[in-house]
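S.K.: Based on what follows, work out the 3D shape:
(one chain, ligands or ions: 1)
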Amino acid sequence: MQQFGIAITGSGSATPPLALDNHGLSQVVETSDEWISSRTGIRQRCLAAPHQSLAQLATEAAQAAIAMAGIAPTDLDLIILATSTPDDLFGTASLIQAHIGASRAVAFDLTAACSGFIFGLVTAAQFVRTGVYQNVLLIGADILSRWVDWSDRRTCVLFGDGAGAVVLQANDRDRLLGFELRSDGTQNNCLNLAYQPQPYALTPEVAIAQGSYQPITMNGQEVYRFAVKQVPEIIEKALFRANLTTEQVDWLLLHQANQRILDAVAQRLKIPAEKVISNLAKYGNTSAASIPLALDAEVRQQRVKPGDIIAAAGFGAGLTWGATIFAWGR
Ligand code: ACO
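M.R.: As a prediction, the model looks like this:
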């Protein structure tokens with residue numbers, strides 16, 4: 001079967017204007033700037049205001065990515081929104097489709113927590129490689145501040161809100177050089193945003209559940225161990241598929257969970273610190289948004305240049321993890 005190439009031709013991002021720094025957070029829970037920044041690298045996070053929606057943030061990021069790619073919204077064939085925090089559990093992607101006027105595109109949500117952007121990138125690539133679609137918009141967006149337990153200092157200090165997007169286009173040269181995806185449901189209990197059912201009797205014979213989603217719970221140390229072990233391995237596998245070595249990587253772009261995880265993974269891969277992209281200090285962990293948010297800043301500052309080789313890896317709840325190796329631009 002003929003294979004078509006794929007290129008990432010545009011990026012965009014959006015964060016809420018409101019930022020809460022570690023000092024401000026110490027008025028919410030018993031913590032300190034010293035504790036948070038030394039253990040996570042996070043100094044502040046942007047938080048969505050009550051009136052802001054995920055669709056608004058995602059739309060802003062999407063419009064910037066489309067403009068950079070130099071296409072019209074009506075050129076888009078497919079929109080994938082990677083998120084765990086949709087405005088609507090039935091899906092939010094089609095609302096974004098309407099906001100940007102991508103009338104020809106089909107749109108759907110994809111959920112893989114903090115791996116969502118990487119899983120979405122690989123999903124999008126399948127449609128392009130098979131020749132079905134030419135222009136795809138992939139958005140990673142989350143508003144985790146709405147799902148954090150703000151009395152739990154072990155988790156609430158970590159997360160922030162944001163959106164990032166890329167445009168993927170059919171291309172003569174295939175710039176997605178390798179990928180590898182994984183999940184392990186046996187460790188599902190490490191990180192959850194779970195529905196808690198409450199029994200509700202409809203009739204004396206028929207009971208159903210009417211419950212609610214409970215705030216995020218996390219076993220931080222388990223997640224840390226998982227990330228530091230699995231992420232270097234999966235990047236090496238993706239590099240192997242791309243027929244590249246770690247020395248050929250220009251940028252290491254990891255899900256922005258914790259600076260310590262970034263440092264440990266880079267160290268294991270022997271990738272020098274100056275090649276490690278980090279925006280943790282400014283934004284914290286923005287879940288599915290973190291990779292495209294960080295990428296967009298580097299592209300717009302012209303640090304990431306056309307042709308640069310990027311090893312990008314996501315990891316998170318599920319557990320899920322995945323890596324892609326791609327060259328930026330056509
Ligand atoms: N401020 C002050 N003290 C705190 C805070 C806080 N915000 N949070 C925890 N502590 C205290 C604890 O109460 C504990 O005190 P105790 O010993 O008196 O009970 C002590 O600090 C150590 O707590 P731990 O939970 O063991 O802290 P740890 O050193 O493991 O660091 C952290 C926690 C930063 C979350 C770490 O486990 C980690 O980085 N894990 C990776 C998980 C991660 O990054 N998840 C992100 C979301 S998942 C994802 O995106 C993939």
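S.K.: what about Ile291, distance to Leu138?
M.R.: Applying Cβ to Cβ, to the nearest Å, the value for Ile291 to Leu138 is 10 Å. Any C-beta I mention is one placed from the backbone N, CA and C, and that applies to glycine too.
S.K.: Over to Gly220?
M.R.: Applying Cβ to Cβ to Gly220 and Leu138 gives a distance of 29 Å.
S.K.: what about these two, which has more around it?
M.R.: Taking neighbours as other Cβ atoms under 10 Å, Gly220 and Leu138 compare with Leu138 leading, 26 against 15.
S.K.: Helix or strand: which one has that one?
M.R.: Secondary structure assigned from DSSP states H and E places Leu138 in strand 135-143.
S.K.: Equivalent analysis for Ile325, please.
M.R.: strand 320-327.
S.K.: List the contacts of that strand.
M.R.: By Cβ atoms under 8 Å, 6 or more residues apart in numbering, the surrounding residues in contact with strand 320-327 are 8, 112-115, 118-119, 121-122, 175-183, 226-227, 230-231, 234-235, 237-239, 241-242, 244, 249, 307-315.
S.K.: for the residue positioned nearest the centre of the chain, what are its contacts?
M.R.: Using Cα atoms, centre = their mean, the residue of the chain that lies closest to the mean C-alpha position is Ala288, 2.2 Å off. By Cβ under 8 Å, 6+ apart, Ala288 lies in contact with 82-84, 112-114, 116-117, 120, 140-142, 314.
S.K.: The residue in the stretch 101-250 of the chain that the ligand sits nearest to - nearest residue in space that isn't next to it in sequence?
M.R.: Closest residue of the stretch 101-250 of the chain to the ligand, Cβ to the nearest ligand atom: Gly220 (2.8 Å). In space, and not counting its chain neighbours, Gly220 is closest to Arg154: 6.1 Å by Cβ to Cβ, 6 or more residues apart in numbering.
S.K.: so which strand or helix has the one you found?
M.R.: Going by DSSP H and E, Arg154 is in helix 153-156.
S.K.: The helix or strand just after that helix - contacts with which helices or strands?
M.R.: Next helix or strand after helix 153-156 toward the C-terminus (DSSP H and E): strand 161-171. When contacts are defined as 3 or more Cβ pairs under 8 Å, 6 or more residues apart in numbering; DSSP states H and E, strand 161-171 sits against strand 5-14, strand 44-46, helix 54-69, helix 116-129, strand 135-143, helix 290-300.
S.K.: ranking those by burial, who's on top?
M.R.: Counting by mean count of other Cβ atoms under 10 Å, strand 135-143 has the highest mean neighbour count of those, with a mean of 30.
S.K.: Tell me how confident the model is about that one, as a mean pLDDT.
M.R.: Mean pLDDT, computed over strand 135-143, is 98.
S.K.: Equivalent analysis for stretch 221-240, please.
M.R.: On average, stretch 221-240 scores 97.
S.K.: List the buried residues of that stretch.
M.R.: Across stretch 221-240, burial judged by 16 or more other Cβ atoms under 10 Å covers 223, 226-228, 230-236, 238-239.
S.K.: Give me every residue in this protein lying close to the ligand.
M.R.: 31, 35-36, 39-40, 114, 153-154, 157-158, 191, 218, 220-221, 223-224, 255, 257-258, 260, 285, 315-316 (Cβ under 6 Å from any ligand atom).
S.K.: Give me the buried subset of those residues.
M.R.: 31, 36, 40, 114, 153, 157-158, 191, 218, 223, 255, 257-258, 260, 285, 315-316.
S.K.: can you tell me which of these are in strands?
M.R.: Per DSSP state E, strands hold the following members of those: 191, 218, 315-316.
S.K.: from these, which two are the most distant?
M.R.: Met218 and Phe315 (13.0 Å; Cβ to Cβ).
S.K.: Between the two ends of stretch 112-120, what distance do you get?
M.R.: Terminal residues of stretch 112-120 lie 9 Å apart, using Cα to Cα, to the nearest Å.
S.K.: neighbouring contacts of it?
M.R.: By Cβ under 8 Å, 6+ apart, stretch 112-120 touches 80, 82-84, 110, 138, 140, 164, 179, 181, 183, 191, 255, 257, 285, 287-292, 312-318, 320-324.
S.K.: follow-up on the earlier one: can you add pLDDT and give the ones in strands among the buried ones among the residues of the chain next to the ligand back as JSON lines?
M.R.: Listed next are those as JSON lines, based on pLDDT from 0 to 100:
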{"residue": "Leu191", "pLDDT": "95"}
{"residue": "Met218", "pLDDT": "96"}
{"residue": "Phe315", "pLDDT": "98"}
{"residue": "Gly316", "pLDDT": "97"}
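S.K.: Distance to Phe127 added to those residues, as TSV?
M.R.: Formatted as TSV, these follow (distance: Cβ to Cβ, whole Å):
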residue	distance to Phe127
Leu191	29
Met218	33
Phe315	24
Gly316	24
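S.K.: out of these, who's nearest Ala102?
M.R.: Nearest to Ala102 among those, with distances taken as Cβ to Cβ, is Gly316, at 27.8 Å.
S.K.: wait, that closest one sits on His255?
M.R.: Yes. Using Cβ atoms under 8 Å, Gly316 is in contact with His255, at 6.6 Å.
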